[in-house]
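Student: What would the 3D arrangement of this be:
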Amino acid sequence: MLSLKDLLKYSNMDFKNILTTSSTIVIIGASSEQYRTSFGIAQQLQRKGYQIIPVNPKYKEVLGEKCYADMASLPINIQVDIVVIFRNKIYTEQMVQSVVNWSKQSGQKPLIWTQLDVSSTEAEKLAADNTLPYVKNRCIAVEYAKHIH
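Tutor: Purely as a prediction, here's the structure:
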């Protein structure tokens, strides 16, 4: 169960600081289909200077970047700041577990960012139980526009 302190920590994040100090963003559910939201946001982040790392078993490449089948396939020596999840919320707990597993192997603690209507109570608790920062149901592109311009 999340404590009040944990809830405040996760709900009052300094998005400007997060977005200005981060450079590498993993995008779980990245797509090469231009009509998909994950494609548009990945492209926007890439244009803003972020290194994007697409994760989706359907593709070998997205936006000119090597696409990994899953988090387990991602090399542990790649420095990851943020993992954005673009999957249906029924898969979010599973996706967070894959980040937890990768985190334990790599020793890294990337911020898990769930897009709008992607978070689940189970996923949020799993992240908290493993001391991984967690952004709940927020669009990274909207937060970038609000805090960075």
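Student: just so I have it, where are all the strands in this structure?
Tutor: Applying DSSP state E to the chain gives strands spanning 24-28, 51-55, 61-62, 65-66, 82-85, 111-114, 134-135.
Student: Could I get those strands in JSON lines, plus columns for mean neighbour count and distance to I148?
Tutor: Just so you know, the C-beta spots here come from the backbone N, C-alpha and C atoms, and that holds for glycine as well. As requested, those are exported to JSON lines (neighbours: other C-beta atoms under 10 Å; distance: least, C-beta to C-beta, whole Å):
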{"stretch": "strand 24-28", "mean neighbour count": "25", "distance to I148": "14"}
{"stretch": "strand 51-55", "mean neighbour count": "22", "distance to I148": "16"}
{"stretch": "strand 61-62", "mean neighbour count": "18", "distance to I148": "23"}
{"stretch": "strand 65-66", "mean neighbour count": "14", "distance to I148": "22"}
{"stretch": "strand 82-85", "mean neighbour count": "25", "distance to I148": "14"}
{"stretch": "strand 111-114", "mean neighbour count": "26", "distance to I148": "15"}
{"stretch": "strand 134-135", "mean neighbour count": "24", "distance to I148": "15"}
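Student: mind putting those strands in TSV, mean pLDDT and distance to F39 included?
Tutor: Listed next are those as TSV, based on pLDDT from 0 to 100; distance: least, C-beta to C-beta, whole Å:
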stretch	mean pLDDT	distance to F39
strand 24-28	98	9
strand 51-55	98	9
strand 61-62	97	7
strand 65-66	98	12
strand 82-85	98	13
strand 111-114	96	17
strand 134-135	95	20
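Student: helices and strands of the protein: which one bottoms out on pLDDT?
Tutor: Sorting the helices and strands of the chain by mean pLDDT, DSSP states H and E puts helix 4-11 at the bottom, at a mean of 45.
Student: follow-up on the earlier one: with distance to T92 added, can I get the strands of the chain in TSV?
Tutor: What follows is those, written out as TSV (distance: least, C-beta to C-beta, whole Å):
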stretch	distance to T92
strand 24-28	9
strand 51-55	14
strand 61-62	20
strand 65-66	23
strand 82-85	6
strand 111-114	6
strand 134-135	10
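Student: Thanks again, I'm all set now.
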